[in-house]
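Q: A predicted structure for the sequence below; I have some questions about it.
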Amino acid sequence: MKIVYMGTPDYAVLPLEALLNGPYEVKCVLTQPDRPKGRGYEVCMSPVKKTAVRHGVPVLQPVKMKDPDLIRQLESFDADYFIVAAYGRILPTEILDIPAKGCINIHASLLPAYRGAAPIQWAILDGQKESGITTMKMDAGVDTGDILRQYRIPIREDETGGSLFDRLRELGAKALLDTLTGLEKGEIHPVKQGEPSTGYAKMLTREMGNIDWDRNPEEIERSVRALDPWPGCYTFLNGRQLKILRSHVVSGSGEEKEPGIILKAQENDLWVKTGFGGILSIDAIQPEGKKKMETASFLRGAHIVSGDYLRRDK
């Protein structure tokens, strides 16, 4: 079976490796162009490109997906399937129509829920109890194609965006091989998607991590988990940024205090008043310019008292 693979980030590496280690002929890999990263803005290859280069697979990094030369190159591979996993580009009809058996996408949600760029984080943000992988036959829409198979996993109470990402990328590799086997055996019958029961999983921004203490404590706690490791949740105390790494909701009432006020700052406890009369306990923290630490260690070295405020800006 001849395959052209399209993907860019870490999420797309394990499915590619599964293909390379299986009875498949990966003719080419498409990935995003190399981009500068880090403080030194060093130009870096994507994780998928690194994997392809290591295995000696040809790599294409097109800037324009409708480039006639690109179309001709893709046609020359005579592929059975194009496999797409977090490539980061919308495929035009000219490309979708090339492979003999179609294009398959590995999407990190239970479609039609959470179509879009950040389904992993939005499932946690919204308090969902489960997530999963959908393999889908691609069409001209965004994550709207017919469902091939779905694979479910529970979302743990302490699940972070990072931990769910790791679990789903492993599941994605198994799901891809299972789907390809099922298709070749004629065991899979595509099912059309219904209407989505959730909002669109829009891309994350750094501003999303800026904690709004007017929200209820459950929402803030989910944000702390969902936006870990990026962009991370943060707030400001006395003009300096504090990254909130771990938290939990405290039962009880913050009385008539304003959201953002510190209700308790002693020993292991750093309690903050939130909206809707709630209280959030901050359990682990990273002060600006310092290492990550448990709250108890932070409080021993910080001069914080009840009545201080956590704010959305400096």
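A: Everything's here; your move.
Q: can we go C-alpha only for contacts and neighbour counts from here?
A: Fine.
Q: Kindly give the local confidence score, pLDDT, for the residue nearest to Leu204 when sequence neighbours are not counted.
A: For Leu204, ignoring the flanking residues on the chain, the nearest one in space by C-alpha to C-alpha, 6 or more residues apart in numbering is Ala118 at 6.8 Å. Ala118 carries a pLDDT value of 97.
Q: can you count the residues close to Ala118?
A: Neighbour count of Ala118, defined by other C-alpha atoms under 10 Å: 18.
Q: That one and Ala226 touch, don't they?
A: No: using C-alpha atoms under 8 Å, Ala118 is not in contact with Ala226, being 10.4 Å away.
Q: separation between the residue nearest to Leu204 and Gly161?
A: 10 Å (C-alpha to C-alpha, to the nearest Å).
Q: Show me the shaky parts of the protein.
A: The chain contains residues with pLDDT under 70 at 254.
Q: care to break it down by domain?
A: 2-184, 206-301 (automatic domain parsing).
Q: closest to Thr198 out of these?
A: Thr198 lies closest, by C-alpha to C-alpha, to one member of the domains of the chain: domain 2-184, at 5.4 Å.
Q: The helix or strand that contains Leu171 - contacts with which helices or strands?
A: For Leu171, the element it lies in under DSSP states H and E is helix 161-184. With contacts defined as 3 or more C-alpha pairs under 8 Å, 6 or more residues apart in numbering; DSSP states H and E, the packing partners of helix 161-184 are helix 13-20, helix 119-125, strand 130-137, strand 146-154, helix 217-226.
Q: Hmm, Lys273 is touching Glu256, no?
A: No: with contacts counted by C-alpha under 8 Å, Lys273 stays clear of Glu256, the gap being 9.4 Å.
Q: If you count surrounding residues, which of these two has more?
A: Lys273 (29 against 8).
Q: which residues sit in contact with the more buried one?
A: Residues in contact with Lys273, defined by C-alpha atoms under 8 Å, 6 or more residues apart in numbering, are Trp213, Gly254, Lys257, Glu258, Pro259, Gly260, Ile261, Ile262, Leu263, Ile279, Leu280.
Q: Give me the distance between it and Pro217.
A: From Lys273 across to Pro217, the span is 8 Å (C-alpha to C-alpha).
Q: where exactly do the helices run in the stretch 201-314 of the chain?
A: In the stretch 201-314 of the chain, the helices defined using DSSP state H, counting those that start in this stretch lie at 217-226, 295-301.
Q: list the contacts for Gly277?
A: Taking C-alpha under 8 Å, 6+ apart, we find Gly277 in contact with Asn216, Ser253, Gly254, Glu255, Glu256.
Q: and what of Val191?
A: By C-alpha under 8 Å, 6+ apart, the contact set of Val191 is Asp146, Ile147, Leu148.
Q: His248 contacts Ile282, correct?
A: Yes: between His248 and Ile282 a contact is recorded at 6.8 Å, counting by C-alpha under 8 Å.
Q: ok, those two, which is more surrounded?
A: Legend: neighbour count by other C-alpha under 10 Å for His248 and Ile282, higher for Ile282 (22 against 18).
Q: Identify the bridge partners of the more buried one.
A: Judged by DSSP bridges, the bridge partners of Ile282 are Ser247.
Q: Ala284 - how many residues pack around it?
A: 19.
Q: That one contacts Ile244, doesn't it?
A: Yes: between Ala284 and Ile244 there is a contact under C-alpha under 8 Å: 6.4 Å.
Q: sorry, back to before: how close does the residue nearest to Leu204 get to Met203?
A: Counting by C-alpha to C-alpha, the gap from Ala118 to Met203 is 6 Å.
Q: How about Arg72?
A: Counting by C-alpha to C-alpha - Arg72 and Met203 are separated by 32 Å.
Q: With Pro287 instead?
A: Where Met203 is concerned, Pro287 sits at a distance of 26 Å (C-alpha to C-alpha).
Q: Between the two, point out the one with more neighbours.
A: A count of neighbours by other C-alpha under 10 Å puts Pro287 above the other of Pro287 and Met203, at 19 against 11.
Q: quick one, what contacts the more buried one?
A: Counting by C-alpha under 8 Å, 6+ apart, Pro287 makes contact with Arg240, Gln241, Leu242, Lys243.
Q: any common contacting residues for Lys273 and Pro217?
A: Counting by C-alpha under 8 Å, 6+ apart, the shared contacts of Lys273 and Pro217 are Ile279, Leu280.
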